[in-house]
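Student: Kindly return the folded structure for what I paste below:
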Amino acid sequence: MRAILKIRHQLATLTTTSALLLAFGATRVEAAESAKDDDVLRAQLSLDASAFKPGVIDGKWGEFTGKALARYMQSQGKSAPDFGDKPPAEFDLPLDRERPTKTTYQFTDEDVKQIGEVPEDHKKQEELDRLRYEDLLELTAEKFHATREFLEEINPGFDWKNAKAGSEVQVPNVQMPFALQKPEDLKKQTEQAEKADKLKVEDDKPEAEQFKIQISVADKILELHQGGKLVGSYPITPGSDSLPAPVGEWYVKGFSWMPTFRWDEAMLQKGERSGDAYNLPPGPNNPVGILWMELNKDGAGIHGTEVPETIGRTTSHGCIRLSNWDVLDLGTKVRPGVHVSIQ
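Tutor: Numbers count the residues shown, from 1 in each chain. Below is the predicted model:
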């Protein structure tokens, strides 16, 4: 009997030990995956702070993080590999490991003022003075260049529907949070310069400082070149099958910050202007976002968007679409007259 009890005890010990080893192994795997996710998030933040933009921040490796990293490396004179579906073992980036990847943000009264209903009906939208953010989750996602899903993930249990001024949330620690005041200020500056006939254009710069825009429809990337060198890139949505982006050589005729957008279904679907249209007011939920850069091609332009998480993953109506924070960055670098090559 004692021998049987001893065997049972040994089996129980082995089972417990095996379970502990499995749990320890699972914990190590989870820790490794968490560290890798943290590295991806840190890489996205580093690229977002650079001139090579990764698109929306979500802490996950993806197509546009890889394309941004490859172009950053190319700009440094290094080979630019196709990273594929998996992140590199080591990121060839100046990662600041002392800087936290997340920080706390407290909602303000000004944030709350930027919230308002956005009707689906364009006629009702036309009656509004602004197309505001629908809620504080949408505002926070744009301000910190993130997906709404990622914000919900890093704020488990937070009641976004009842968020108010004074509420605090965790957000990606981006270097330059997006703020609507910047395009509002640029709108005033541009209008004043136009009235005084002092609007500066790209050709006013020394030749070595002039930018050129190169757009790859296939890669869904807008590259910025200066002095023959690659100096920046942005993920884009470049047209659609029915209304593709206009391939060819163009230039930007002018900028319209915080624009009113003429919603014309016939123009959007067929490229033909009709009399049945609505003038949609400015705001972050305007269909062309916070900036319209008109090309010397009827109906075509480079612009922002009200749905940044769809950049590169859906289609547009023949234009080049960027997130609002990326088009703001681009619009503060280039000037009217900048050359645009779409291939």
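Student: Show me the shaky parts of the stretch 201-343 of the chain.
Tutor: When residues are selected by pLDDT under 70, those of the stretch 201-343 of the chain lie in 265-272, 274, 314-317.
Student: do that again at 90, thanks
Tutor: The stretch 201-343 of the chain contains residues with pLDDT under 90 at 239-243, 263-277, 298-299, 312-318.
Student: Let me see the ranges of the helices in it.
Tutor: 265-270, 324-331 (DSSP state H, counting those that start in this stretch).
Student: ok, and what's touching stretch 67-82?
Tutor: 43, 47, 50-55, 66, 83, 88, 91-93, 219, 221, 223, 229-231, 233, 235 (Cβ atoms under 8 Å, 6 or more residues apart in numbering). Any C-beta I mention is one placed from the backbone N, CA and C, and that applies to glycine too.
Student: Would you mind checking the average pLDDT for that stretch?
Tutor: Summarised as a single mean, pLDDT over stretch 67-82 is 93.
Student: mind listing what's buried in that stretch?
Tutor: 67-75 (16 or more other Cβ atoms under 10 Å).
Student: cool, and stretch 185-200?
Tutor: In stretch 185-200, residues buried by neighbour count (16+ other Cβ under 10 Å) are 186-187, 190, 199.
Student: Kindly report the same for stretch 42-60.
Tutor: Going by neighbour count (16+ other Cβ under 10 Å), the buried part of stretch 42-60 is 42-59.
Student: Over to stretch 79-97?
Tutor: 87-88, 91, 93.
Student: swap in stretch 206-213?
Tutor: Buried-residue list, stretch 206-213, by 16+ other Cβ under 10 Å: 210-213.
Student: Would you check which pair of these lies furthest apart?
Tutor: Based on Cβ to Cβ, the longest span within the buried residues of stretch 206-213 runs between 210 and 213 and measures 11.0 Å.
Student: Residues that sit against both of these two, list them.
Tutor: residue 338.
Student: Domain map for the protein?
Tutor: 2-75, 102-172, 181-342 (automatic domain parsing).
Student: Just give me how far the shortest one sits from the chain centre.
Tutor: On the basis of Cα atoms, centre = their mean, to the nearest Å, domain 102-172 sits 16 Å off its chain's mean C-alpha point.
Student: Then stretch 93-107?
Tutor: On Cα atoms, centre = their mean, the centre of stretch 93-107 falls 17 Å from the chain's centre.
Student: how long is that stretch end to end?
Tutor: 32 Å (Cα to Cα, to the nearest Å).
Student: Farthest pair within the buried residues of stretch 67-82?
Tutor: 67 and 75, at 12.7 Å, using Cβ to Cβ across the buried residues of stretch 67-82.
Student: which secondary structure elements does the longest strand along the chain contact?
Tutor: The longest strand of the chain (DSSP state E) is strand 248-257. Under the contact criterion of 3 or more Cβ pairs under 8 Å, 6 or more residues apart in numbering; DSSP states H and E, strand 248-257 touches helix 181-195, strand 291-295, strand 339-342.
Student: Could you dump those into CSV and include distance to residue 206?
Tutor: Shown next, in CSV, are the helices and strands packed on strand 248-257 (distance: least, Cβ to Cβ, whole Å):
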stretch, distance to residue 206
helix 181-195, 20
strand 291-295, 22
strand 339-342, 16
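Student: follow-up on the earlier one: which of the domains of the chain sits most buried?
Tutor: domain 181-342 (a mean of 18; mean count of other Cβ atoms under 10 Å).
Student: Let me see the contact set for the residue lying closest to residue 167 once chain neighbours are set aside.
Tutor: Leaving out its chain neighbours, the residue that sits closest to residue 167 by Cβ to Cβ, 6 or more residues apart in numbering is residue 107, at 5.1 Å. Contacts for residue 107 (Cβ under 8 Å, 6+ apart) come out as 136, 163-169.
Student: one more time with 7 Å, if that's ok
Tutor: By Cβ atoms under 7 Å, 6 or more residues apart in numbering, residue 107 lies in contact with 136, 163-167.
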